[in-house]
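Engineer: give me coordinates for this.
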Amino acid sequence: QVQLVESGGGLVQAGGSLRLSCAASGRTFSMYAMGWFRQAPGKEREFVAYISRSADSTLYADSSEGRFTISRDNAKNTVYLQMNTLKPEDTAVYYCAAKFSPGGPVLVPASYRYWGQGTQVTVSS
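Structural biologist: The predicted structure follows:
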């Protein structure tokens, strides 16, 4: 089992940056591919970014491509999401999630086995 704890959210002005972290418990972190999702009020949870177990493959949603970067440090059991050029529409609760590989489709929340509690990101205009 894996427990995930996100941090790094907060309030930032449009155009600013934030770096989210997701710390995982346990010694099996490197066995899991990781994803970041977000959910805004009244909207469904949506895919943001994905990174494979060994970080040799990443995938981004169209909305985050070119602005966000996902990375991981398996020695520290941590996955990161660097978010630059933030926009008000990026406002949401951001969640990290772990999935078995290959498992189900990367973009689908149901493919992920473990979830963090989320961290709020608010971008003001």
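Engineer: look up how far residue 87 lies from the closest residue to residue 121 other than its chain neighbours.
Structural biologist: Ranked by C-beta to C-beta, 6 or more residues apart in numbering and with sequence neighbours excluded, the top spatial neighbour of residue 121 is residue 9, at 4.8 Å. C-beta: built from backbone N, CA, C; applies to glycine. Applying C-beta to C-beta, to the nearest Å, the value for residue 9 to residue 87 is 16 Å.
Engineer: for the most centrally placed residue in the chain, which non-adjacent residue is closest in space?
Structural biologist: By C-alpha atoms, centre = their mean, the chain has its centre lying nearest to residue 36, at 2.1 Å. Spatially, and ignoring its direct neighbours in sequence, residue 36 is nearest to residue 48 (4.2 Å; C-beta to C-beta, 6+ apart).
Engineer: for that neighbour, what are its contacts?
Structural biologist: Residues counted as contacts of residue 48 (C-beta atoms under 8 Å, 6 or more residues apart in numbering) are 35-38, 60-61, 63-64, 68, 81, 94.
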